[in-house]
Each structure stands twice: as structure tokens, then as C-alpha cells.
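Colleague: what's the 3D shape of this:
(4 chains)
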Protein chains: 2
Amino acid sequence: MSNVKVLPVLEPEMAPCCPPLSERPLTAEEAERTAVMFKALGDPVRLRLFSAVASHEGGEACVCDISDVGVSQPTVSHHLKKLKEAGLLSSERRGTWVYYRVEPAVLAAMGALLTKAASA
Amino acid sequence: MSNVKVLPVLEPEMAPCCPPLSERPLTAEEAERTAVMFKALGDPVRLRLFSAVASHEGGEACVCDISDVGVSQPTVSHHLKKLKEAGLLSSERRGTWVYYRVEPAVLAAMGALLTKAASA
DNA sequence: CACCTGATTCGACAGTCGTCAACATAGACA
DNA sequence: TGTCTATGTTGACGACTGTCGAATCAGGTG
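Modeller: The predicted structure is shown next:
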């Protein structure tokens, strides 16, 4: 969790994981990878945490700013870890606090996946 | 591509469930409703079934066309029921076979939710 | 150094989920 | 009517998940 990752400007494609959804049936492997991201957003607490980070000033927030979602602090940390493992968030420690920020590329890929599916 | 259903011009809002994701932190109730849809797509088998329906001819498919996803037939029926309960699919019996089709409005709402979140 | 605060990890528990075999239901057809 | 095929439902079981308290780690401050 020490990677200061800047925005990837020279990214070849939007997603590392997401083939279009309504073009052709997903293979087992594709579904396995894609389901991880959807599952990460499939919990109310995680959805609130993610939304809190995404809507925060500068697209990043420390844990102390988003911890009031009705569960204990270990649970918050557990959910943030899940979101990070799914590739939706990245964390960085700055002094006392740990800051989380969204991964716009993965998110855009999921959005495009659904949008294209809806237009088909 | 049958033009049975034209684009809904007078549609007040795209979704019955989905507030923007990066505009403001989701409330507990909003997160609860939205998480249901993401959770429905958070399983590999359901994702394959949904993709199979969405990519099928005319946007609909009978169960017999999409049942080869590696699980038993009752499990397929169980997952299709979950997708229907989440509002992502709708079913209709025509004679012997039951046809499933995607709900484009809900899907577009999810896509917009993520796309707007990514652009923020 | 000791102490405090923020955050993660550990260990445990209840609840949910995915899966299947068995059974039930719906329609077609003879 | 009966039988056959296509789906859905039920019940059960193992695995996973969300949750918490307690312990631990990381950094700042006195």
C-alpha cells in the first residue's frame, strides 16, 4: 500500500478486465474476473464507503472521514480492503492517516460494460 | 432488432433506484437498494446467464438456450430467479418454453451511475 | 522513552449463498 | 386421459461473508 500511483495517461484501453457484456456470452474466465468487481459493490456498506470516497474532495478521503456508516472500525477496514482487492480503490498512508482514492479506469470500464449492454 | 418498443421520450428519470454515485455519499437506504442490483451481477454464473440473454437474438432467450454454464438446471433456474428479483431480467412463458429478456432501463441506470462516478 | 490516536489484523460467531438431488408444475401431443 | 419434455420449487448441506471485540501495528507528541 505504498504505491503513489498517478493517473495513467497512456493507457491503451479502458479496462484490464471487462469485455463487452451484450456482444457475446461471457466465458467462464471472463465472468469470474468481472464478477469480483460487481460483488465488491454488492454490499450496502461497501457501496456507501465507495460513494463516500468517490464524492469526497479530490476523489480521495481518509478512513476517519468515511467511518460513520453504522459499523465498527474493523468492519470498515475490512470492507475497504475488499474494495482495494477488487481494484476499485487504492490506499496510501500519509502520516497519521490513510487515504483511499477511486480507480477511475476500472470504474469507467464497468460503466461502459453496462452502457453498451443497455444500448444493444 | 424489432422496433416494438420505441425509446421512451417522456421518461422522467432513467432509473427507479439509482442516484449518482460520486455526487454525494449514498444514504443507507439508497445503498441498500443499489447493492441488490450489483450483488445480482456479483456471481460468475449469473453474469454468464445475464450476458447470454443480453447477447442473444432480439435481447431475449429461452432457458434451454443458455443452460450450458456448467451447473445443474435447478441452479440455473435459481440464478435466473435472483436476476429477475433484482429487476435485471423479466420472464415470459410462451408455450413450452420460458423466455428471459433484459431490462434496459435498469441496466442503463447502473451504467450511468458508474460512468458519472468515473468522470468525477 | 512512554503514551495516545488512527488503522489493520486476528479469532470467532451467526447469517447468507451457491449448489445439488428430489419432487412438483406447466404445457404439448397422442 | 396419459405421457413426455421443459422449468420451477423444496429441502438440505458445505462454503463463504459480514460483523464484532480484542490484540497489534504505525506515527505523532510530550
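Colleague: ranges for the helices of chain A?
Modeller: In chain A, the helices defined using DSSP state H lie at A:28-40, A:44-54, A:63-66, A:73-85, A:104-119.
Colleague: Do you know the pLDDT at the most centrally placed residue in chain A?
Modeller: Closest to where the C-alpha atoms of chain A average out (Cα atoms, centre = their mean) is residue A:88, at 1.7 Å. You'll see residue A:88 listed with a pLDDT of 96.
Colleague: Correct me if wrong: it contacts residue A:104.
Modeller: No: using Cβ atoms under 8 Å, residue A:88 is not in contact with residue A:104, being 10.1 Å away. (C-beta placed from N, C-alpha, C; glycine too.)
Colleague: ok, back up a step: who are the neighbours in contact with the residue nearest to the centre of chain A?
Modeller: A:37, A:40, A:41, A:50, A:102, A:103, A:106, A:107 (Cβ atoms under 8 Å, 6 or more residues apart in numbering or on different chains).
Colleague: ok, those residues vs residue B:65, which is closest?
Modeller: Within the contacts of residue A:88, the smallest distance to residue B:65 is 26.5 Å, found for residue A:37 (Cβ to Cβ).
Colleague: Okay, now the unreliable bits of chain A?
Modeller: Where chain A drops to pLDDT under 70, the residues are A:1-18, A:117-120.
Colleague: Pull up the residues of it that are close to DNA strand C.
Modeller: Neighbours of DNA strand C within chain A, by Cβ under 7 Å from any atom of the strand: A:62-64, A:67, A:73-74, A:76-78, A:80-81, A:91, A:96-98.
Colleague: Can you flag the buried ones in these?
Modeller: A:62, A:63, A:67, A:76, A:80, A:91, A:98 (16 or more other Cβ atoms under 10 Å in any protein chain shown).
Colleague: Can you pick out the most distant pair from the residues you listed?
Modeller: A:67 and A:91 (14.2 Å).
Colleague: Contact partners for the closest residue to DNA strand C within chain A?
Modeller: Among all residues of chain A, residue A:74 sits closest to DNA strand C, at 2.9 Å; criterion: Cβ to the nearest atom of the strand. Going by Cβ under 8 Å, 6+ apart, residue A:74 touches no other residue.
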